[in-house]
Structure formats: C-alpha cells, structure tokens
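Colleague: Coordinates only, no sequence provided:
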C-alpha cells in the first residue's frame, strides 16, 4: 500500500473579530471553515467544529480585545477541540498578544501574566503561535514551541511616506522604544529614500496608578520638524497626547502618530480628538467599533501580512524574508 501525503489548510475564527479573519481567508483565496461557538447560560463557552479537521493544518485567529479574558479562553477551547479532533498542526493567531505588558516583575509580588498565557497556549495544544508587534521581544522566550513575530512597521511607515518631509523626526514615547523608532528611520531611508532623525520622550510612570505617566523632557532636536510618534499600542492615549503636546512646546511644526494596536480604552478617543495630533494611523489587529472611529484615526489592514505569513508557514517557507528581517523585536 502506498499513501500519497498531502496538506490541507483550514482557517477558523473566534468570535472577537470575524471581519479580520474573513479578510485573511479572502486574501488567500479561501473561506473560513465553520465552527459552532455558543455560550451557556452561566457564560461558559461551547465549541464544536462541524467539518472534519483530522490531519489538517489549522490556524485559529482571535483578536484579544475587550473582554480579553473571555476571548483568550474561547481561543484556548478552540485549540483544545482541534487537538482532540486530530488536527495535525494547530497555530494560534493572536494579532495582539494578551497580557503582553505583564512580561516581567516590575514590583514585588506581581504576576508575569504574559508567561502564564504562553503556558496556557502550550497546555491547550497549540503547536505554533503567531502574533504582531509584541510589546517586548522577550515574550518569545516564554514558549517552547515556534513563535512567529510579525510587524506592521512597513505598512505604517509606507502610509506616512508621502506626508513626511526629508528632515522628519521619528519620536519614541520612551527611551525603551528608541530601537523601534530607529527601524522606522531605516525603513523610510531604504525603501522610500527619506532621511530622518530619532528623538524620544523622557517620561516617568506613576507606580500607584495604572496607565498614567508624565512627560518630563524631549530628548533630540525637533524644532521646526515634522514629528511622527511611533509605538506598539495606544491604550488610554495619555502618553501619546501628552507627548505630542510636549513636542509642540519644544518647537515641532506638526505631529503625527502610528501604532499597531488601537486598544483605545476609556478616555482615549476624546483625548485624541482634543489633541494637537494631526493624524493617528493604526492597524485592525483589534476591531474599531463605530463609537471609537474619528476623523483623525486611519485604520490600515493587517490582513495581507497575516495571510502572507500563514501561507509561508503552511508551505514551510521563511517568515523573516517576508519582512526583510524587520520583524525581529
């Protein structure tokens, strides 16, 4: 008896951001495979795959937006169901890695929640994890399974290529993000023939209050320059808007912003609307409901990058080559 082996790709979506998963599948010339996801009266999640998944290469896409805990659990249950239904390989696609900011112990008696999430994925049965623009690269080291790191940097940088003059400044909201800012400068220089500089904001975070910081100084020459603030995430937008105001006070002519994950919690929308920022470009790693949309906000699609990565993983090709090495944190 001779058996000719073949691979079968199936893409599934959790309930958090079906539109993104559908766009990924469409880009690949596919349709989402069907899965039943229901909630019991006590809010527990029920999952059942209606088609056979035996021997397939399964990708489970789930956005980690509010309610994060529910969406994490839903994806884990989907992974467990696939494992028990004999899927050959299961890849968890979490465009925004959950609990990514809890990646170390900054104070005593704190949890390292990002490591706990890694343990959850492995325990559920994931063979691989795919995510976009981690808060810190060290999260990859929490896993004993392959981790594919994507970056939205090319998408966001190319969007601003026609808005930035040749003497622009890429600004990091803190000293830790200078490497990311430098990558923006390198990308715009190599692919758009623009030549800029890097600056950063010296800030101090409150130890007593979450999501609160104070900008103390602008480090770098920004006078009469067009500035682009770059970050991985916009949560409450306090750091972003106060930093933009500090740049104008330091003499900047215009301020733009770019970030991969538009969480936009609490007062974020009002803060951005009332800020000095001319435009904020983000991606759709998490959904942007109508009440969070505004004239200043431009949402770019991350689906083509995710689709290309899924194709590369399925065909056993290099992921880093898709991003010219820019996906290394």
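Modeller: That came through fine. Quick caveat: nothing in here was measured; it's all calculated off a predicted structure.
Colleague: and residue 186, that's in a helix?
Modeller: Yes - counting by DSSP: H, G, I helix; E, B strand; the rest coil, residue 186 falls inside a helix.
Colleague: ranges for the strands of this protein?
Modeller: Under the criterion DSSP state E, the chain contains strands at 9-13, 35-39, 45-49, 57-61, 89-94, 128-132, 147-150, 169-172, 197-205, 213-219, 226-234, 254-262, 279-283, 297-300.
Colleague: Domain map for this protein?
Modeller: Following automatic domain parsing, the chain resolves into domains at 9-151+304-323, 153-300.
Colleague: Switch these over to CSV; also include mean neighbour count.
Modeller: Heads up, the C-betas are built off the backbone N, CA and C, glycines and all. What follows is the domains of the chain, written out as CSV (neighbours: other Cβ atoms under 10 Å):
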stretch, mean neighbour count
domain 9-151+304-323, 18
domain 153-300, 18
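Colleague: Lowest average confidence across those domains, which one?
Modeller: For those, the weakest mean pLDDT is recorded on domain 153-300, namely a mean of 91.
Colleague: Over to that one now: how far is its first residue from its last?
Modeller: With Cα to Cα, to the nearest Å as the measure, the first residue of domain 153-300 is 11 Å from its last.
Colleague: ok so, going back, of all the strands of the chain, which one comes closest to residue 312?
Modeller: Nearest of these to residue 312, taken as Cβ to Cβ: strand 147-150 at 8.5 Å.
Colleague: ok so, going back, and the strands of the chain as CSV, adding distance to residue 313?
Modeller: Formatted as CSV, the strands of the chain follow (distance: least, Cβ to Cβ, whole Å):
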stretch, distance to residue 313
strand 9-13, 10
strand 35-39, 20
strand 45-49, 20
strand 57-61, 8
strand 89-94, 7
strand 128-132, 7
strand 147-150, 7
strand 169-172, 31
strand 197-205, 33
strand 213-219, 37
strand 226-234, 22
strand 254-262, 20
strand 279-283, 20
strand 297-300, 22
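Colleague: and residue 324, which of the ones you listed is closest to it?
Modeller: For residue 324, the closest of the strands of the chain is strand 147-150, at 12.7 Å, according to Cβ to Cβ.
Colleague: what pairs with the closest one, and is each one parallel or antiparallel?
Modeller: strand 128-132 (parallel) (DSSP bridges).
Colleague: what's the strand it pairs with in contact with?
Modeller: By Cβ atoms under 8 Å, 6 or more residues apart in numbering, the residues outside strand 128-132 that reach it are 59, 89-97, 118, 121, 143, 145-152, 260-261, 283, 285, 302, 305-306, 309-310, 313.
Colleague: Can you add distance to residue 329 and give the domains of the chain back as TSV?
Modeller: What follows is the domains of the chain, written out as TSV (distance: least, Cβ to Cβ, whole Å):
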stretch	distance to residue 329
domain 9-151+304-323	3
domain 153-300	8
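Colleague: got the angle for the lengthiest helix in the chain vs strand 35-39?
Modeller: In the chain, taking DSSP state H as the definition, the longest helix is helix 68-84. Counting by axes from the mean of the first three to the mean of the last three Cα atoms, to 10 degrees, helix 68-84 lies at 140 degrees to strand 35-39.
Colleague: Helix 68-84 - contacts with which helices or strands?
Modeller: Under the contact definition 3 or more Cβ pairs under 8 Å, 6 or more residues apart in numbering; DSSP states H and E, helix 68-84 sits against strand 35-39, strand 45-49, strand 57-61, strand 89-94, helix 113-124.
Colleague: Quick one: closest of those to residue 137.
Modeller: Nearest to residue 137 among the helices and strands packed on helix 68-84 is helix 113-124; the distance by Cβ to Cβ comes to 11.6 Å.
Colleague: Need the nearest residue in space to residue 147, chain neighbours excluded.
Modeller: Nearest residue to residue 147 in three dimensions, chain neighbours excluded: residue 140, at 4.6 Å (Cβ to Cβ, 6 or more residues apart in numbering).
Colleague: For that neighbour, give me its contacts.
Modeller: Going by Cβ under 8 Å, 6+ apart, residue 140 touches 134, 147, 149, 329.
Colleague: my read: residue 195 touches residue 164, true?
Modeller: No - contact criterion Cβ atoms under 8 Å: residue 195 and residue 164 do not qualify, at 10.3 Å.
Colleague: Common neighbours of those two, please.
Modeller: Counting by Cβ under 8 Å, 6+ apart, the shared contacts of residue 195 and residue 164 are residue 188.
Colleague: thinking again about what came up before, redo the helices and strands packed on helix 68-84 as TSV? Include distance to residue 23.
Modeller: Output for the helices and strands packed on helix 68-84, formatted as TSV (distance: least, Cβ to Cβ, whole Å):
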stretch	distance to residue 23
strand 35-39	18
strand 45-49	21
strand 57-61	10
strand 89-94	13
helix 113-124	24
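Colleague: Nearest to residue 221, out of those?
Modeller: When the helices and strands packed on helix 68-84 are compared by Cβ to Cβ, helix 113-124 sits nearest residue 221, at 35.6 Å.
Colleague: Thanks a lot, catch you later.
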